[in-house]
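> next one to model:
(chains A and B)
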Amino acid sequence: MIRAVLLALLLCLAWPQAAHAQVAIDAAPLRFVDDAEERRFHALVAELRCVMCQNQSLADSNAQIARDLRREVLDLMRAGHDDAAIKAHLVARYGEFVLYRPQIGPATWLLWFGPLLLIVAGGVVIARIVVARRASTPLPPDDTETW
Amino acid sequence: MSASRARWLPLAAFGGILALLAAGVWLSRDPDRDALPSPLIGKPAPAFDLPVLGDPERRVTQADLRGAPYLLNVWGSWCPGCREEHAVVAAFANTQRVRVIGFNWKDEPGDATRWLAQFGDPYALVLADYDGRAAIEWGIYGAPETFLVDAAGTVVWKHVGPMTDATIREQLLPQVERLEAR
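As a prediction, this is how the structure comes out:
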């Protein structure tokens, strides 16, 4: 009796998954021929962004499309493409967005050099304050200061 | 720099940060902000050779579809957003202005056929991409997605996510009119 109940419970658990069966051919993990290939693959997919789950890399994501793209990357590697060609292949289809390190160009100048610009601007402001303080005599005590 | 000016500096900086945050909120008001712009726009539709759903012996390539514009609608029976937009796609297909071609993405043929039987089949033809390789050529990364391709085989428009009546009216129809005016 208990066995029958357990079996029924198990079937209940299994049922929704059976109803939402996904394509089974992707279930197999990728197999690498040697360590060098595996290392190169992992370095490459860590630099590519998953297009579906946009805050994960292709290496981290479990989304179906990320799996497909990982398979595509491995296929391209085996077809003899170098890393730059593989990245260009994905950029041609999904756009610059897939690169975690976008190419330097007019559209990305601000992205690449903006932080440097901010540091320089901050340095200029600080330098001006320091120069102004040095030039002025020490301030008299200010009784109206409230903070 | 005088003392009184220095006193207002933190307030001014705070105001500046506030303005920056407000700009960020304002810029993110677009519900489609996560949609990636397709690099395929203005380029030839990618090459493919796919079987037809329900008739796997018959294969269709991008060359077979030349000669008239078509709307390629990516869907799967596993995709809730596709069900959501299905009535919109069907209504547009009913107007007969452009062929609507289904792109059945990573789906079991049996599930796909049942889905069409249940919700209606507005497609002139459904291509079946079982392993998802052709989808990568199109830069497809989710369903539903929809492409408009002109008679010469050039991709002219793409929409990511479920289409609504407003999408059809404000984005797709102006593109269709442009194609018809050529």
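> alpha carbons only for contacts and neighbour counts from here, please
Fine.
> what about B:F48, distance to chain A?
For B:F48, the distance to chain A equals 14 Å [CA to the nearest CA, to the nearest Å].
> and if you look at B:D121?
For B:D121 relative to chain A (CA to the nearest CA), the value is 21 Å.
> could you report the neighbour count for that residue?
Here the number of neighbours of B:D121 (other CA atoms under 10 Å in any protein chain shown) works out to 17.
> how does chain B divide into domains?
B:1-30, B:49-181 (automatic domain parsing).
> any idea how far the closest residue to chain A within chain B lies from B:T146?
Nearest to chain A in chain B, going by CA to the nearest CA, is B:G139, at a distance of 4.6 Å. Distance from B:G139 to B:T146, counting by CA to CA, to the nearest Å: 11 Å.
> which one of these two has more residues nearby?
It is B:T146, of B:G139 and B:T146, that has more neighbours when counted by other CA under 10 Å, with 25 against 20.
> which residue, neighbours along the chain excluded, lies closest to that one?
In space, and not counting its chain neighbours, B:T146 is closest to B:N73: 4.5 Å by CA to CA, 6 or more residues apart in numbering or on different chains.
> what's opposite the one you found in the beta bridge?
With DSSP bridges as the criterion, B:N73 is bridged to B:G102, B:T146.
> let me know whether it touches B:I101 as I believe.
Yes: B:N73 lies in contact with B:I101 (CA atoms under 8 Å); the separation is 6.1 Å.
> so what pLDDT did B:D111 get?
B:D111 carries a pLDDT value of 95.
> can you get me a residue count around it?
Residues near B:D111, counting by other CA under 10 Å, number 16.
> which residues touch it?
The neighbourhood of B:D111, defined by CA atoms under 8 Å, 6 or more residues apart in numbering or on different chains, consists of B:S77.
> what about it, which SS state?
helix (DSSP: H, G, I helix; E, B strand; the rest coil).
> residue closest to the middle of chain A?
A:S57 (3.7 Å; CA atoms, centre = their mean).
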